[in-house]
Each structure stands twice: as structure tokens, then as C-alpha cells.
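[1] below: sequence and its predicted model.
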Amino acid sequence: MSTERNRYIFWNQQQRYAPYIFIAPFFILFAIFMVYPLISSLIMGFYEMRGFQSRIFVGLGNFTDLFADPIFWKSLLNTTLFALGTLLLQLPIALFLAILLNAKFVKGKNFLRLAFFTPVLVAGVFVAIIFNLIYDQRAGLINNEFLLFGKEIGWLSNERYVMLAVIITGVWQWAGYNMIFFLAGLQGIRQELYEAAAVDGANWWQSFIHITLPSLRPVIAFVVVVSMIGSFQLFDLPYILTNGGEPADAGTTIVMYLYKNGFQFMRLGYAATIGWVLFIIIAIISIIQLKLLGIFREE
Amino acid sequence: MRFPYDADNFPLGKGPMVMLILFLISCLFIFAPADETEKELEFWVFAPTHYEEYQARLPIYKTLQPDINVQLINFGGTMHDKLLTALLSDFGAPDLVEVEINSIGRFLKGDIEEVGFVDLRPRLESEGWLDQLVISRFTPWSYGDKIFGIPHDLHPVVLLYRDDLFKAANVDMTEIETWDDFIIAAKKATRDLDGDGEIDQYAIVLDNKTESDYMNLLLQRGGGFFDAQGNVIIDSEIAIETLEFFTSLFNEHQIATPVYGTWHGDPSNYAAMQDGKILSILAPDWYVGLLQSQVPQMSGKWKAISMPAWETDGRRTTTRGGTMIGITKQCENPELAWELLKFTYFDRASLINRYETTLIIPPLKAAWDAQALKQPLEYLGGQPLGELFIELAPELPPRYQNPYWSEAADLLNDAIFAAVTQKQTPRQALTELAEKIRTTITKDQERWKIKD
């Protein structure tokens, strides 16, 4: 009798707790690899390492140091430039390509889609190596073949051109990827809307402004927010392209500066502070973008 | 007796049964008792050429020490970050590791007793190795009175020049003794060949974006960023004068061109050399080896002389780059690691082979009389380059190491670029730089004092 009752209790309890046990692995891994490092890095931001074994509490010292650090501001400016390049150059190009590939008169769409999408399949490190050769001052494709401005341009040695070179590379790598999202959005727009507009006498531009763009709003919001987050996390491309941010930190981005402080200078507390400031910057920019694009607006 | 389950009636089916079997087999491997007679040594490197050299030598080591299993791993450029993580977490560091000269500083931060490498000074002294190696070459790997690594190399620097093009400009480079002589010769060789008002041929290529060539000159003069006691001396008169001289080569004398691409080993720089745009370069032994393998078509066009001195009978060389080998404190058997270290770093045959494959001059003096080092080098038109390097080796300047070197080098790059591009005077650039580093060091010391 007692055994039967025990078995009953076991099955009863088992039914109650089994779902939690089944989903536990995710939460345990999430806690170990996400929550713990997050909390740990936040705490670390208030400390500074003293060698490998001990650390010192510095309060807000890392934050005040950071805001007085000219290289941090320069890296923030460089990263913002890249983000603006993404917003004003890369995404319009991606949208243009998507519209082009959605047009009826274009032939070989599948091939072109694949061709434009392919750069994203190449690892950032290889992209940087390829573009290092393209920007090469002596034998590079741009200087050698196109002879822009009639003379050699130090794309990677003149601080004025470095971020431009990084932005152009970013466009090559990511425009095709974002094009796919826009293309999916365009294909979801009902054809009747355009037909109705045409009946009302709307031209191509009016249809684009009043039908295409509003219909693409959720896709644009997604692409803009994700691209901005990616832009502010830029690291491998300029790191290899500019040999660690040279010359004169013209190619240093925030994440690159974080890496340098954490791993090259052994200032882990300062690096954690940069990480949290970057998180706050990304969060603010994302919220502003979502607000501006009306994602929080009730339909 | 029959096993109660087969594949068909196993609870939840065949899939879980296969997973369970795999799990049990994995457990067998994981928890199987290790072979007590075989000892393991893990050895990390970051340079592919070093990996190939040691990999080729390991079978010989196995015959000498059959019970020791050496795990040689090449992590490439990420190795230093992996090592840092392993030392920070106090877990997973190798027994032996090679560290690059610009990366060692970060491992020396904090209390010297907490540095993750074993102090090798007692072993070097008791076995008499210090006298057998070039003593100044220990400075990059020493801090305080401790020696944390053994030098892999010397890396003396020579002036490598285009023999054909200097001859065409009627310049005899073998007569050059001082930098003043070089400037006079360089002005003859720096030329606008097509008359369009732009210089097509520069006497020397120098890196204006990083500290490399400036430090070549500064170390040659006996200066540096830090002195032996760890004081910042980058704003000393000697450092400022050297940067003034360095910038004058670009601006006042217009005999130097900035490096093409990101560094001297950039394909762009090689292309400029082949086009005859660059006539000379300050080259350490490893760079000549690199040129030989990367631009073999220029064989016979180069010659080398000792670096021009700052004054008559002054030092004719400097040092650029380097690697050390160290034993980490996580090593469970430092004695075994020390024996492997000696096998890879102090074995004469191995060091001669190193020169033959990479042109790297070994720091062990006993290897210098080897015939291989005296052989004429075809790439340099038959000049016996090894002899020149060995002649210069005793003159190598010290390069004092410091925990703040990485930060210092990063800021020094910016200061040099600012001075060469005339955004700041050399004095302003270096004074500001020194102040920044001093402030960083003082701030850290004050923070640490609070804790003490």
C-alpha cells in the first residue's frame, strides 16, 4: 500500500517538475554563459586588475577615465562614421538592389541574388585581406587600374581615407545581405496597391514614397536596428585592414579599443567599462530608431 | 542470460539507445586511467616557421626521452590572447610557451611575484648559460632581477640596399660610416626620373605609422622608451633629437618614403622595391629571410652594410623584433620542461638549421663558428651575410622591457605619425606622450598603494 502511495507521489511530483527539468539545460547554460559574465563584467567595470591575481576597487574611476580619454572619443567617432556609412550608403544601396531585382525587366534574377549575397559568406578576415590588396597603394586594383584622381592614394596609410575604405568594404560585404531582407519585404507588398495607385494617376516615385516605403517599414526597422548594432560592434574588418587601427588611430573602433585594453594592455576593468558604455550607446540608438520608425506605435 | 532490452524494445526507441552507448563509450575514454609511465609536456608557439622547426626536431627528442610525449601546438596570432586567458584563470596554460617581444609586457603587470612565468635566472646561472649567450638579449625578457624567458634570436639590423641602383647613382655604399654620410649619398640616389616634379626613387623606406624604424634608431643610440629601472625616458633629449632626425629624413632632406601598405612586409612594399621606388631598408636578419622567401625574383640585387653610426666609431647596429621561450608556473614538471627548452634553444645543430632556413642568427655564441653561417648568400649577390650579423652581434643594444610597453607603443605610433606629418613638433609629441604614460603609471601605483 505504502509503495503504491509513494509511486503515486513520485508520478505526481514528476508531472509537476518534469517540464522544468526539460527546459533547465537552456537556463543553466544561459546563466553560466550569459548572466554570470554580464554581472561579472558589470562588477569588473568598477575594479582594475593588478596583474594576474588581484584587483582593486576603483569606483567610478574607470568611467571618469574613459570620458577623458581622447582615443575613446576618436574610436567612438570612427565607429559612428561607419554606422552613418551603413545607414546612408549601404542600406540605400541594398534597397536599390532589392528594387532592381524585384523589377520585371531584370533577367537572371537568381544568379544576381546569389552574386550579391555571396560576399556575406566570406569571413571578415578574408574580406579584409582581399581589400588590403584592392586598396594597395602600388599594385592595388583601385589605384592601379582605375587611377582615381590620377595618382596613388594611400587608402590605408592616409588617415583621411581610412574610414572611407572601411565603409566601402562594409558596403561590399553587407549590402547584398540586407538586400535579401528588402527583397522579401518587397515581395510581400500586394500588387493591387500599385494597380490602384496607377489608376489614380500616381507615378513611379509617388508609388515608391506612398506605398513601397510605408509597406517596408517593419523590414526597414529590422534592417536598420540590426545593421546599427552590427556597425557599433565592428572589429575584425578594420583591425586587419588597418593593422590595428593605424595610422594615428584613424581606423580604431570602440570594440577594437576594448580589445586592446583588455588583451594587449591587461586593463580588464577599463575594457569592461568600455563594453558597458558601448551597450548603453547601442541601447539608446536602437530605442531612438525604433521610436522614429514607429515600431512602438499602436496600429 | 538474455539482455533485457534490444534495439526494438529499448525505452523511447533506437535513438536514445545509440546516444546512451555513445555516452558510455565517451565516459570510458574520459575516465580511463592515464598511462603513468608517459609524461606530457604541452608547448605553444605562435610562429609557423618555429612550429615547423620544432616539429621536425621532435622525433629526435623522442628517441632521447621516450617517456615524454610533447604536444606542440601552433595557435598563430591568437596565441598570446589564449595564454593571457589561461594565466588569468589559473587553468589551461601550457608547460612551455614562446612569446613575442611586443607582447611580453602585458604578462609582467602587477606584482612581480605574480608573473605567470618561472624565473629562469637560477637555472641559467647554476648551469653557466648566461655567459654563453648574448647578455643584452636577455633585457627584453627580464624584469626586476628576474629572467622570464630565453631569447630565441638576436635580430641584429643592417642596412639592406639596392646595389644596382645605388651604383647607377654613382654612390659607393661601402664607404658609408655615419648617418651624415648616408644623407649625402641618399640625396644623390633620390631622384625624379621622369622629370614630372615628383620623386620616383627614394633612398630609404621608413615606417612612419608605427614605432618600428624610430625605435631602430633610438635603440642604436642607446636610448629607449623605458630605462633599466622602468623610468619613462622617451622625452629625453636623445629621444627628441632622434625623432627630429627621423622626421627630417622625410621632410627636410626628402630622402625617405613612408612604408607602402601597412608594414615593411606588405605586398605593396615589395612591389615598390621591385619597381625601384625604394633603394634601402633597415633590415633585421628575419626580414632578409622574409624577403628571400617572398620576393625571390630580386635575388642578386641587394647588398648589406652595417647601419650607419651616429658618430664615427659609434654602434653600427640595432635590434628589431624577437621571441622568447618561457616555462609557465602552471607547469607541473619544470625540470622536464627545462630539458625540452634546452633541446630546442641550445642545440647547435638545431640553431644552424634555423639560420639555414630563416637567416635568424642564434644567441648561442657556440653556434657562430659554424660554416653554414659563413656561406655566401646568393640572394645578396654572394655576400656572406651571416658573417656581418655575427660581427655586429656583440654590439647589440639592450631593449629594456616594461609592463606598460603595449600602451606605450600604441601611443608612440601616434606620436611618430603626428611628428612626421608635422602636426606636432617631435618635442611636443614626445613630451605629451611621456606625460600620458607617466600619468597612467602613477595613477595605477596610487590605486595599488591604497590597497597595500
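    It's in.

[2] tell me how far the residue in chain A that chain B sits nearest to lies from residue B:369.
    Residue of chain A nearest chain B, by C-beta to the nearest C-beta: residue A:51 (1.3 Å). Glycine gets a C-beta too; all of them are placed from N, C-alpha and C. Separation of residue A:51 from residue B:369 (C-beta to C-beta, to the nearest Å): 43 Å.

[3] tell me which of those two has more neighbours.
    Using other C-beta atoms under 10 Å in any protein chain shown as the criterion, residue A:51 and residue B:369 rank with residue A:51 on top: 21 against 10.

[4] hmm, residue B:115 and the residue of chain A closest to chain B touching each other?
    Yes. Judged on C-beta atoms under 8 Å, residue A:51 makes contact with residue B:115 at a distance of 7.4 Å.

[5] read off the pLDDT value for residue B:9.
    pLDDT recorded at residue B:9 is 68.

[6] over to residue B:402. Which of the three states is it?
    Put simply, residue B:402 is coil when judged by DSSP: H, G, I helix; E, B strand; the rest coil.

[7] same thing with residue B:194?
    coil.

[8] in the stretch 151-300 of chain B, where is pLDDT below threshold?
    Scanning the stretch 151-300 of chain B for pLDDT under 70 picks out nothing.

[9] contacts only, for the residue of chain B found nearest chain A.
    Closest to chain A within chain B is residue B:110: 1.3 Å, counting by C-beta to the nearest C-beta. Going by C-beta atoms under 8 Å, 6 or more residues apart in numbering or on different chains, residue B:110 touches A:49-54, B:403.

[10] hmm, 10 Å instead?
    A:49-55, A:266, B:403, B:444, B:448 (C-beta atoms under 10 Å, 6 or more residues apart in numbering or on different chains).

[11] mind listing which of those residues are in helices?
    Among those, the members falling in helices are B:444, B:448 (criterion: DSSP state H).

[12] ok, and the most crowded of the contacts of residue B:110?
    residue A:266 leads those on contacts (other C-beta under 10 Å) with 26 neighbours.

[13] would you map out the domains in the chain?
    Answering for chain A, as no chain was given. A:1-34, A:65-292 (automatic domain parsing).

[14] that was the other one, I meant chain B.
    Following automatic domain parsing, chain B resolves into domains at B:39-154+B:322-386, B:157-320+B:398-448.

[15] just the element for residue B:262, please.
    With secondary structure defined by DSSP states H and E, residue B:262 is part of neither a helix nor a strand.

[16] surely it meets residue A:132?
    Yes. Residue B:262 lies in contact with residue A:132 (C-beta atoms under 10 Å); the separation is 7.4 Å.

[17] identify the contacts common to these two.
    Common neighbours of residue B:262 and residue A:132 are listed as A:156, A:240-243, B:268 (criterion: C-beta under 10 Å, 6+ apart).

[18] out of those, who's nearest residue A:38?
    Closest approach to residue A:38 among the shared contacts of residue B:262 and residue A:132 (C-beta to C-beta): residue A:240, at 28.3 Å.

[19] which residues of the stretch 351-452 of chain B lie near chain A?
    Contact residues (C-beta under 10 Å from any C-beta of the partner chain) of the stretch 351-452 of chain B with chain A: B:403-411, B:413-418, B:420-421, B:423, B:436, B:440, B:443-444, B:447-452.

[20] try 6 Å this time
    Within the stretch 351-452 of chain B, the positions lying close to chain A (C-beta under 6 Å from any C-beta of the partner chain) are B:406-407, B:414, B:417, B:447-448, B:451.

[21] same deal with chain B?
    Neighbours of chain A within chain B, by C-beta under 6 Å from any C-beta: B:81, B:84, B:87-88, B:106, B:109-111, B:114, B:116, B:209, B:260, B:262, B:268, B:271-272, B:406-407, B:414, B:417, B:447-448, B:451.

[22] restricted to buried residues, select those residues in PyMOL.
    Provided next is the PyMOL selection string for whichever of the residues of chain B next to chain A are buried by 16 or more other C-beta atoms under 10 Å in any protein chain shown:
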select buried, chain B and resi 81+84+87+88+106+109+110+116+209+260+262+268+271+272+406+407+414+417+447+448
